[in-house]
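> have a look; sequence and predicted model below, questions after that.
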Amino acid sequence: MSHSRTWVKRIVDSPFFKEAMEKSTLLFNQNQVGLLTLIKGALQKVQETAATNNLTVVKLLNRYIVLFSELIKSYVQGSYTKLPLVTLVKITAALLYFVMPFDFIPDFLPFVGFADDLAIVVWVGKAIKEELDEFEKHL
């Protein structure tokens, strides 16, 4: 197992990501307004992160956050419903993890604070790549 895979596995197995998965399931099943609020918060945070960092990784993070947000918004509005619930829960969990200020690596730490957020977002993005590609065709 590679070092980066081990690191991502530690984040996925952390109580922080497990909490995000639990909250994600509740949000998706019971609170569509909360989902839309989450999307707004994630888009705002990624915009702030992009404004203060001119890194290629921030551009990748931005791409996934925007795509995840569009996908959930389309699902809630009923214009795109081709995804299984488990995929939507993973996407929502990644967004929740991203907006959580205290997680595996707290966001207030300079330079490294969003490394775990990036790892989770990219991990989910790669895990559902085919679904994201299909959704992008829909846009």
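Cool, the structure landed. Residues are numbered from 1 along each chain as shown.

> can you list contacts of the helix or strand in which Asn62 is found?
Asn62 is part of helix 56-77 when elements are defined by DSSP states H and E. Contacts with helix 56-77, where a contact means Cβ atoms under 8 Å, 6 or more residues apart in numbering, come from 32, 35-36, 39, 42-43, 46-47, 49-50, 80-81, 83, 88, 91-92, 94-95, 98, 114, 117-118, 121-122, 124-125, 132, 135-136, 138-139. For every residue, glycine as well, the C-beta is placed using N, CA and C.

> by neighbour count, sort out the buried ones in the residues you listed.
With neighbours counted using 16 or more other Cβ atoms under 10 Å, the contacts of helix 56-77 contain these buried positions: 35, 39, 42-43, 46, 49, 80, 83, 88, 91-92, 94-95, 98, 114, 117-118, 121-122, 124-125, 132, 135.

> so where's the chain uncertain?
Applying pLDDT under 70 to the chain flags residues 1-5, 54, 109-111.

> now the strands for it?
Secondary structure of the chain (DSSP state E): no strands located.

> would you map the helices across it?
Per DSSP state H, the chain carries helices over the ranges 3-12, 15-30, 32-52, 56-77, 85-99, 115-127, 129-138.

> TSV please, covering those and showing distance to Phe108.
Below are these laid out as TSV (distance: least, Cβ to Cβ, whole Å):
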stretch	distance to Phe108
helix 3-12	17
helix 15-30	15
helix 32-52	13
helix 56-77	17
helix 85-99	14
helix 115-127	12
helix 129-138	30
